[in-house]
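# Provided below for reference: sequence and predicted model.
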Amino acid sequence: MCGEYRAHANDTMPDPPESHSPGPRSPAEVREAVRQALDSARRSRGPGATTDATAVGDVLLVASELTTNAMLHGGGVTAFEVIPGEREVRLSVSDRSDDMPTPVRRAGGPGALQIGGHGWPIICLLARDIMISYLRAGGKRITAVVPLSPR
């Protein structure tokens, strides 16, 4: 697991609010929602406001990886939320699984080509903070805070 995240294993969070959609159907839908939220936040800051392109790429990558992991390992996405701030973006993805994320153990040593298992390490690298909370009705919510300034 990440060495720098906080897992709220004993806490239970309220379930995500009921939504008319079952959650995003693909990482592409999540990326589009993040782009729209970032564009809206930038416009609200006024003319001339910009966001670092590398930081936006990092946010989009974390959103994609959280969503992909929920779809592949968590029984599907049950809720998604993006909250842009002035200096960071908070991304939350809920899924049906109570299992905590774990990195994949690699066989073959350095340089061996391995497919899959890179998502969680990427999230851990790019997020400033990660919180994992169990939901009352089952499942978990992973929230990653990604800075909007270059690393």
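Thanks, I have it. Numbering: from 1, shown residues only.

# who are the neighbours in contact with residue 146?
Each residue near residue 146 by CB atoms under 8 Å, 6 or more residues apart in numbering is listed here: 55, 58, 59, 62, 88, 89, 91, 126, 127, 128. Using the backbone N, CA and C atoms, a C-beta is placed for each residue, glycine as well.

# One more pass at 10 Å, please.
Going by CB atoms under 10 Å, 6 or more residues apart in numbering, residue 146 touches 34, 55-56, 58-63, 88-91, 123, 126-130.

# Show the contacting residues for the residue lying closest to residue 69 once chain neighbours are set aside.
Closest residue to residue 69 apart from its sequence neighbours, by CB to CB, 6 or more residues apart in numbering: residue 119 at 5.1 Å. For residue 119, the contacting residues are 61-62, 64-69, 72-73, 101, 103-104, by CB under 10 Å, 6+ apart.

# what's the closest of these to residue 137?
Nearest to residue 137, judged by CB to CB, of those is residue 73 at 18.7 Å.

# show me what contacts that closest one?
Neighbour list for residue 73: 95, 97, 99, 101, 102, 119, 120 [criterion: CB under 10 Å, 6+ apart].

# for residue 33, same thing?
24, 63, 67, 80, 81, 82, 91.

# Repeat the analysis, applying 7 Å as the threshold.
80, 82 (CB atoms under 7 Å, 6 or more residues apart in numbering).

# quick one: what helix or strand has it in it?
For residue 33, the host element (DSSP states H and E) is helix 27-44.

# Residue 134 too?
Applying DSSP H and E as the criterion places residue 134 in strand 129-135.

# Can you list the strands that that strand pairs with?
If you go by DSSP bridges, strand 129-135 pairs up with strand 6-13 (parallel), strand 140-147 (antiparallel).

# ranking those by mean pLDDT, which is last?
Lowest mean pLDDT within the strands paired with strand 129-135: strand 6-13, at a mean of 49.
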